[in-house]
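Participant: Need a 3D model of the sequence below.
(one chain, ligands or ions: 1)
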Amino acid sequence: MTAGSVQDHRSREGGIIVYPVYSRRSGGLSVGINLFPDRKRCSFDCAYCEVFPFETDVSFNLETMKAALRSAILDAGERKIPVRDICFSGSGEPAMSSHFAEALEAAAVLRNKLAREAKLVMITNGTGLLEPPGGNAPALFDFLRTSARAPATALHIWLKLDAGTEAWYAAMDRSPVPYERLVSGIRNFAASGAPFILQTMVCKINGRLPPPEEAAAWAALVTELARTGGAEAGQSGGLQAVQIYGKVRPAPEDPLAEAVPAAVLEDRAALLRAALAGAGRAVPVEVYE
Ligand code: SF4
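Facilitator: Sure thing, here's the model as predicted:
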């Protein structure tokens, strides 16, 4: 997952379930929860993925997670460091874990008791939103929609959308899930009125920048999503923000994916801001270099 935090995440490859890191997107302490302490599990194979191959004999355990999360929150409190968020990310796609729902509910209870200001975040590649037969939908789709809207959970869903074209999706995310099927799941989620944030990685692949037609198609798709669901109905749901990221950490397949100059990220943001303004949508576009 692309969590947007710059501190070393490699501890999770040693079987760690809870790992505090500094997060550039939240500007403070993020407590990560890794549902896959034994090995990476993901429905994507992103060219820039920072999870290095690993294998441990540690299984995810809910009680271990709760104890470690409690300890991380209390430790931060003793050091007077605010916990900005508790983030389901880790070594794979959280929606692929059978423990996700119970872990989220347990994290919400602890957050509500010990760190009320901390957001609860899930970083997802969106394959949990697919119509059957893929993923765990529609049960998971409904669970995420409900979790995002329920005040006791208020789950912040950070949804990956790296491409506006099938060709760039194939180069970036290398998933067996067809592009149109993935986009259809995201469209349905937007239409459901659930609040969500889009997250896009912009990098070079094989030395090549995303081509102009890719950037234009991506901006058009994001703008379409911004006009859908809660946003269009004037409710508080729908697309809340777009986060554009650059590559900052090493990846096992380096140099397949490479960082781009900051100006490329800013140009991409400017393109989207213009498209959103043209459609009359006031959605924040943030850049993380
Ligand atoms: S979605 Fe991509 S970046 Fe995230 S864990 Fe899967 S392969 Fe890695």
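
Participant: Give me the contact list for stretch 261-273.
Facilitator: Contact with stretch 261-273 is made by 200, 202, 209, 215-216, 218-219, 222-223, 242, 244-246, 285-287, 289, as judged by Cβ atoms under 8 Å, 6 or more residues apart in numbering. Yep, even glycine has a C-beta here, placed from its N, CA and C like the rest.

Participant: Please list the members of these that lie in helices.
Facilitator: With DSSP state H as the criterion, helices contain 215, 216, 218, 219, 222, 223 from among the contacts of stretch 261-273.

Participant: Closest one to the ligand out of those, please.
Facilitator: Nearest to the ligand among the ones in helices among the contacts of stretch 261-273 is residue 218, at 16.9 Å by Cβ to the nearest ligand atom.

Participant: The closest one contacts residue 200, correct?
Facilitator: Yes. Judged on Cβ atoms under 8 Å, residue 218 makes contact with residue 200 at a distance of 7.0 Å.

Participant: between the two, what contacts are shared?
Facilitator: What both residue 218 and residue 200 touch, as defined by Cβ under 8 Å, 6+ apart, is the set residue 161.

Participant: For residue 17, give me its contacts.
Facilitator: 33, 34, 35, 37, 58, 60, 61, 64, 65, 68.

Participant: how near is it to the ligand?
Facilitator: 16 Å (Cβ to the nearest ligand atom, to the nearest Å).

Participant: Can you give me the pLDDT of that residue?
Facilitator: Note for residue 17: predicted pLDDT of 95.

Participant: same thing with the one 10 residues further on?
Facilitator: Confidence per residue is given as pLDDT, and for residue 27 that number is 78.

Participant: what does residue 106 give?
Facilitator: 98.

Participant: Could you list which residues are in contact with it?
Facilitator: Residue 106 neighbours (Cβ under 8 Å, 6+ apart): 62, 65, 66, 69.

Participant: and it, helix, strand or coil?
Facilitator: The three-state label given to residue 106 by DSSP: H, G, I helix; E, B strand; the rest coil is helix.

Participant: Check the gap between the residue of the chain positioned farthest from its centre and residue 63 for me.
Facilitator: Relative to the centre of the chain, the most outlying C-alpha is that of residue 78, 29.0 Å out, by Cα atoms, centre = their mean. Residue 78 sits 23 Å away from residue 63, going by Cβ to Cβ, to the nearest Å.

Participant: what does residue 146 give?
Facilitator: Going from residue 146 to residue 63 by Cβ to Cβ gives 25 Å.

Participant: Which of these two has more residues huddled nearby?
Facilitator: Using other Cβ atoms under 10 Å as the criterion, residue 146 and residue 63 rank with residue 146 on top: 13 against 8.

Participant: circling back: what about the ligand: which of the ones in helices among the contacts of stretch 261-273 touch it?
Facilitator: Counting by Cβ under 6 Å from any ligand atom, nothing from those sits close to the ligand.

Participant: And the furthest pair within those?
Facilitator: 215 and 223 (12.5 Å; Cβ to Cβ).

Participant: looking at the ones in helices among the contacts of stretch 261-273, which has the most residues close by?
Facilitator: Counting neighbours by other Cβ under 10 Å, the top entry in the ones in helices among the contacts of stretch 261-273 is residue 218, with 27 neighbours.

Participant: Next one: it from residue 172, what distance?
Facilitator: Separation of residue 218 from residue 172 (Cβ to Cβ) stands at 11 Å.

Participant: Find residues that contact each of the two.
Facilitator: residue 163.

Participant: Show me which residues of the protein sit near the ligand.
Facilitator: Within the chain, the positions near the ligand by Cβ under 6 Å from any ligand atom are 1, 2, 42, 44, 45, 46, 49, 51, 92, 93, 125.

Participant: Give me the buried entries from those residues.
Facilitator: Those of the residues of the chain next to the ligand that meet the buried threshold are 1, 2, 42, 44, 46, 49, 51, 92, 93, 125, by 16 or more other Cβ atoms under 10 Å.

Participant: and the least confident of those?
Facilitator: The pLDDT minimum for those sits at residue 2, where the score is 48.

Participant: State the number of residues packed around the residue nearest to residue 100 when sequence neighbours are not counted.
Facilitator: Using Cβ to Cβ, 6 or more residues apart in numbering and skipping residues adjacent in sequence, the residue nearest residue 100 is residue 94, 5.2 Å away. Residue 94 has 25 neighbours, counted by other Cβ under 10 Å.
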